[in-house]
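Asks: everything below, folded, please.
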Amino acid sequence: MTCLPQFGQATPVLRYSNWIIAALVTLSATYLHVLFLLNAGGLWRDEADLVDLSLLPSVSEVWQNMPHDSCPILMHLAVRSWSAAGLGNTDVGLRVLGLFAGLFLLLAFWFASWMMRNGAPLLAVTLAGLNVMVVRVGDSLRGYGLGSAFGVLTLAVVWRLTRRPSLIAFSCAVAVAVLSVQSLYQNAFFVFAACCGGFVLCAVERRWRDTLPIFAVGAAAAVSLLPYIPLIIRAKDWLIIERLGFRFSRGWKELSTATGSPLTVFTWVWVALWIGALAAAIFVLFWRPDRLPDRFRGLILFAGTSLVLGGAGYAFFLKLAALGTRPWNYVPLMAFSVVCLDTIFFAVWRWAGPAAISLAALTVSTTFLFELPAVECRQTNVDFIAARLSAEVAPNDYVIVHPFYCGVTFERYYKAAAQWTTLPPLEDYALQRYDLFKAKMQTKDPIAPVIDRITSTLQSGNRVWLVGSIPFTEKPLPEILPAPNNPLGWLEEAYSFYWGEQVTQFLSAHCWRAAVVIPPSTNCVNPFENLPVVAVAGWKP
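Replies: Have a look, this model is predicted:
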């Protein structure tokens, strides 16, 4: 009795249809990447930070300053090599590099699908390739695009090593696994998950010798991270001001935002696929193992193990880091998971192809109907602000940028002679120097020099320019003690907010007029860096 067609084997017509539709979806995704390239504009603070760090005079200086960034060195070396090759440190030139990183992820989906099941990655390019968050984050000048691609490739090469061990397969797996963890720290958990998937499969098939090269791949990736330990220890000293703790309720909210593209209901598509994949794997592997060939059974066991441990490991990483998360933090998890989902469903369900084709048609249509404005969103408006202020501010004017971490972007684009600062003043704006901010938190009244300069600027008839959403309250401000000797503890955001209120209360009491000269952009701009500008003039005793 032959029952295979009920599982992984589709008809030739259906297989060709999957390839054709997957190719069309990939072209649609490529269009989104190009659209982002043409509209992203200047670098926002996280990107400017990475670029400035990458282009320090020597690689040694880059390495010494790695604690001031949140990803390992591979993307920094890519930016450095890109610029050294004469391809530019301009916004456009760097955006092209980001485009290549995003397209590399699409290529990784195709490679993984071909390597693992000789099929087209229809589900992967539909759910992840057309996801606006994946497009924007993958193409940004951060490690997420490159790291997500190498996470996917790690899954594929470890599978190849598990099924057909060889020196070439082992060498490729070691190389890809090392590059993966050198792209993103959290990829270490994906490497671990893939290696565990390979180990479980070898153990079930009693191929104990084949587990040794798999262990070696994981060990090589782990060893490559050892040099970062002193850097991470250094960073812990000042990251205390950012460690707000990770709450799973907040994590679910951010994950929902990331997966809810092109429609919010797609979050539940992801959830249904995650649950369905695990249920299908359990059913096939334990209740009806006789109805599936060994190759499909091994593939489902490998992908199912990797999916579970990859998700659990990523959650453990977020809990361990204890930092607040944003939707873009979940892009690597989405890319890794969707390959496992694609593998399991196409191996288990004969009608996965028609279902995926229907989902692809729905996703493409809704993406082009509703999500193109989000793809065309600029990354920042600070480049516009800095260009305008560079032309308008007088040499004796004074510019205040708030919050302090927006100073990285302002530093990149501001060209005027007038002095500028943040709240509080820092000694370096090339990088996001949380260590310097922490030191200011431990001093009494660190913005006193800013108040003094505001006073002298207004008394001399010059203007003060406020860049950013500086808070204001009419309530008397309580005295704030140096950190952590007050109820605010080490909460960086609270100190930043307090100092902003100090400045606006002082200006409210002592300036004659204030006007918004640049409102936040009404066009689509990254909400994390869409700042207003207020000009203040006239001294009132």
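Asks: in stretch 345-355, which residues are buried?
Replies: 345, 346, 347, 348, 349, 350, 352, 353 (16 or more other Cβ atoms under 10 Å). The way it works is simple: take the backbone N, C-alpha and C, and place the C-beta from them, glycine included.
Asks: tell me the mean pLDDT for it?
Replies: For stretch 345-355, the mean per-residue pLDDT is 85.
Asks: quick one: low-confidence parts of the protein?
Replies: By pLDDT under 70, the low-scoring segments of the chain are 1-10, 287-294.
Asks: who touches residue 430 in this structure?
Replies: Residues in contact with residue 430 (Cβ atoms under 8 Å, 6 or more residues apart in numbering) are 52, 53, 408, 411.
Asks: can you lay out those as CSV showing neighbour count, distance to residue 236 and secondary structure?
Replies: Listed next are the contacts of residue 430 as CSV, based on neighbours: other Cβ atoms under 10 Å; distance: Cβ to Cβ, whole Å; DSSP: H, G, I helix; E, B strand; the rest coil:
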residue, neighbour count, distance to residue 236, secondary structure
52, 22, 23, helix
53, 22, 19, helix
408, 27, 21, helix
411, 20, 26, helix
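Asks: ok so, going back, what's the closest of the buried residues of stretch 345-355 to residue 497?
Replies: residue 345 (47.4 Å; Cβ to Cβ).
Asks: for that closest one, what are phi and psi?
Replies: phi -70, psi -40 (degrees, to the nearest 10).
Asks: what of residue 536?
Replies: Dihedral angles (degrees, to the nearest 10) for residue 536: phi -120, psi 140.
Asks: go on, the one 3 residues further on?
Replies: Residue 539 adopts backbone torsions of phi -100, psi 130, taken as degrees, to the nearest 10.
Asks: re the thing from before, out of the contacts of residue 430, which is nearest to residue 23?
Replies: For those, the nearest to residue 23 is residue 53 (37.9 Å; Cβ to Cβ).
Asks: thought that closest one was touching residue 65?
Replies: Yes - using Cβ atoms under 8 Å, residue 53 is in contact with residue 65, at 5.7 Å.
Asks: overlap in contacts of the two?
Replies: Common neighbours of residue 53 and residue 65 (Cβ under 8 Å, 6+ apart) are residue 431.
Asks: in contact with residue 380, which residues?
Replies: Per Cβ under 8 Å, 6+ apart, neighbours of residue 380: 41, 42, 43, 44, 45, 409, 525, 526, 529, 530.
Asks: turn these into CSV, including secondary structure and distance to residue 26.
Replies: Below are these laid out as CSV (DSSP: H, G, I helix; E, B strand; the rest coil; distance: Cβ to Cβ, whole Å):
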residue, secondary structure, distance to residue 26
41, coil, 26
42, coil, 29
43, coil, 27
44, coil, 27
45, helix, 32
409, helix, 33
525, strand, 28
526, coil, 26
529, helix, 31
530, coil, 32
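Asks: distance to residue 443 and neighbour count added to these, as CSV?
Replies: Listed next are the contacts of residue 380 as CSV, based on distance: Cβ to Cβ, whole Å; neighbours: other Cβ atoms under 10 Å:
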residue, distance to residue 443, neighbour count
41, 37, 19
42, 33, 22
43, 31, 27
44, 29, 26
45, 24, 23
409, 25, 28
525, 34, 20
526, 32, 18
529, 27, 23
530, 31, 21
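Asks: quick check: the two most widely separated of the residues you listed?
Replies: 43 and 530 (14.5 Å).
Asks: now residue 42: how far from residue 468?
Replies: Residue 42 is 16 Å from residue 468, where distance means Cβ to Cβ, to the nearest Å.
Asks: am I right that residue 515 sits in a strand?
Replies: Yes - assessed with DSSP: H, G, I helix; E, B strand; the rest coil, residue 515 lies in a strand.
Asks: these two touch, right, it and residue 538?
Replies: No - taking contacts as Cβ under 8 Å, residue 515 lies outside contact range of residue 538: 11.3 Å.
Asks: tell me which of the two has more neighbours.
Replies: residue 538 (13 against 9; other Cβ atoms under 10 Å).
Asks: what packs against the helix or strand where the more buried one lies?
Replies: Taking DSSP states H and E as the criterion, the element that holds residue 538 is strand 533-539. Packing partners of strand 533-539 (3 or more Cβ pairs under 8 Å, 6 or more residues apart in numbering; DSSP states H and E): helix 382-392, helix 448-459, strand 464-467, strand 511-518.
Asks: show me where the stretch 1-150 of the chain has helices.
Replies: 12-39, 45-54, 59-64, 74-84, 91-117, 122-124, 132-138, 144-163 (DSSP state H, counting those that start in this stretch).
Asks: point out the most buried one among those helices.
Replies: helix 122-124 (a mean of 30; mean count of other Cβ atoms under 10 Å).
Asks: now secondary structure and distance to residue 90 too, for the buried residues of stretch 345-355, in a markdown table please.
Replies: A markdown table is the format used below for the buried residues of stretch 345-355 (three-state DSSP; distance: Cβ to Cβ, whole Å):
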| residue | secondary structure | distance to residue 90 |
| --- | --- | --- |
| 345 | helix | 43 |
| 346 | helix | 43 |
| 347 | helix | 46 |
| 348 | helix | 48 |
| 349 | coil | 48 |
| 350 | coil | 51 |
| 352 | helix | 45 |
| 353 | helix | 44 |
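Asks: looking at those, spot the one nearest residue 17.
Replies: Distances from residue 17 to these, taken by Cβ to Cβ, are shortest for residue 353, at 6.7 Å.
Asks: and the closest one, what is it in contact with?
Replies: Residue 353 sits in contact with 10, 14, 15, 17, 18, 122, 346, where contact means Cβ under 8 Å, 6+ apart.
Asks: wait, which of those is closest to residue 78?
Replies: Proximity of the contacts of residue 353 to residue 78 (Cβ to Cβ) peaks at residue 122, which lies at 29.4 Å.
Asks: I figured the closest one hits residue 356, correct?
Replies: Yes - counting by Cβ under 8 Å, residue 122 touches residue 356, with 4.4 Å between them.
Asks: which neighbours do those two share?
Replies: With Cβ under 8 Å, 6+ apart as the test, residue 122 and residue 356 both reach 18, 21, 346.
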